[in-house]
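J.: Quick one: sequence plus predicted model below, questions after.
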Amino acid sequence: FVVAALAWPMEWIVAVGVIFSSIGAALQTCAGAPRVLAAIAMDDVLPFLSCLKPTSPDDEPIRAIWFTWFLASVPALAGNLDHISPLVTMFFLLMYAGINLSCFFLGYLKSPGFRPTFSYFHWSASLLGFVWCLFLVGLVADWGMAVMVTMSFLSLYLYTKRQHAQKEWGDVGNALRYVVANGALKALASSQSTDFHAKNWRPQLLTIVDTDAFGNPSNLHVLELAAQLKHGGGGVQVVTSIMCRNTGVEKYETC
């Protein structure tokens, strides 16, 4: 150690301090990482991690602990951690980049559920952190490894999106789509009829159909005509059926 040469009164004090600090960090990681892994498995977001679920939420994540130990021990057997540390660093940087990107969207879109406790928070700081993390990913290792790790993260994200997991924490993508749709509707409401060109016109249809006792359309000719008017994938179509209630009878029929 370079600092050990300047240590007082003896050089070995620095070496002992570094060793104990490393052991403490390793024990803290072994205690925290398995619980995070078990929590991800219990959320059912990644089905291939279901084998790491504890039997109950109050139990110790024994299987996650053993899996974490195996995952950390195998690379250490290589004998040189200098080949592994850039990979681990890039995964951490990409994780922080994702957190900063989420905070940027939530802060910029002014999501009501996002209330940071830091009084001087601004979305520009999160955007700067996101860009800075991506910049550091390219500096930690060569661009080939950086692209490989980034593609691994994107593949994991797309795999998670394909699972269509319905969770109570929501999705920042829904907030982004809501803001875009809300802004488009406000722009349409404030525009004049002269602002639209005939080439950009799309039909807005209200189709009234008859239904049977089970609510199924009984006459499809009107729907076929509406589908022809909407050919090309544009416009909005609302299909409805007016139901009336017979006097004294708990039954609804089409008017």
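T.: Arrived safely. Residues are numbered from 1 along each chain as shown.

J.: can you give me the mean pLDDT across stretch 89-100?
T.: Stretch 89-100 shows an average pLDDT of 88 in the prediction.

J.: in it, what's buried?
T.: Using 16 or more other CB atoms under 10 Å as the test for burial, stretch 89-100 gives M90, L93, L94, A97, N100. All C-beta atoms are positioned from the backbone trio N, CA, C, and that covers glycine.

J.: quick one: the residue nearest to the spatial centre of the chain and T160, what's the gap?
T.: Ranked by distance to the mean C-alpha position of the chain (CA atoms, centre = their mean), the top residue is D171 at 6.0 Å. Note on D171: its distance to T160, by CB to CB, to the nearest Å, is 11 Å.

J.: Could you do L188 as well?
T.: From L188 to T160 the distance is 34 Å (CB to CB).

J.: Q204 now?
T.: Between Q204 and T160 the distance is 36 Å, computed by CB to CB.

J.: Equivalent analysis for P9, please.
T.: For P9, the distance to T160 - CB to CB - is 55 Å.

J.: Neighbour count for the two, which is higher?
T.: Under the criterion of other CB atoms under 10 Å, the comparison of P9 against T160 puts T160 first, with 12 against 5.

J.: Can you name the residues that contact the more buried one?
T.: By CB atoms under 8 Å, 6 or more residues apart in numbering, T160 lies in contact with V45, L46.

J.: buried sites along stretch 174-187?
T.: Of all the residues in stretch 174-187, those buried under the rule 16+ other CB under 10 Å are A175.

J.: Number the residues from 42 up from this point.
T.: OK, 42 is where the count begins now, so the last one is stretch 215-228.

J.: Now do that stretch, average pLDDT.
T.: The model assigns stretch 215-228 a mean pLDDT of 81.

J.: Could you do stretch 91-108 as well?
T.: Stretch 91-108 comes out with an average pLDDT of 81.

J.: And for it, what's in contact with it?
T.: Outside stretch 91-108, the residues within contact range by CB under 8 Å, 6+ apart are C71, P75, R76, L78, A79, A82, M83, D85.

J.: what's the fifth one in contact with, if anything?
T.: Pointing back at A79 there. Each residue near A79 by CB under 8 Å, 6+ apart is listed here: L93, K94, P95, P102, R104, A105.

J.: The longest helix seen in the chain: how far from the chain's middle?
T.: Of all segments of type helix in the chain, defined using DSSP state H, the longest is helix 53-83. Going by CA atoms, centre = their mean, to the nearest Å, the spacing between the C-alpha centre of helix 53-83 and its chain's C-alpha centre is 27 Å.

J.: Which is the succeeding secondary structure element to that helix?
T.: helix 103-117 (DSSP states H and E).

J.: In that following helix, which residues are buried?
T.: For helix 103-117, using 16+ other CB under 10 Å, the buried residues are R104, A105, I106, F108, T109.

J.: just the angle between the helix or strand that that helix is followed by and helix 103-117, please?
T.: As assigned by DSSP H and E, the chain's next helix or strand after helix 103-117 is helix 126-149. Interaxial angle of helix 126-149 relative to helix 103-117 (axes from the mean of the first three to the mean of the last three CA atoms, to 10 degrees): 130 degrees.

J.: and helix 126-149, what does it pack onto?
T.: helix 164-181, helix 184-203, helix 213-231 (3 or more CB pairs under 8 Å, 6 or more residues apart in numbering; DSSP states H and E).

J.: Closest to F176 out of the contacts of stretch 91-108?
T.: For the contacts of stretch 91-108, the minimum distance to F176 (CB to CB) is 28.8 Å, reached by L78.

J.: since we're on the closest one, how many residues are nearby?
T.: L78: 20 surrounding residues under other CB under 10 Å.

J.: Perfect, I'm done here.
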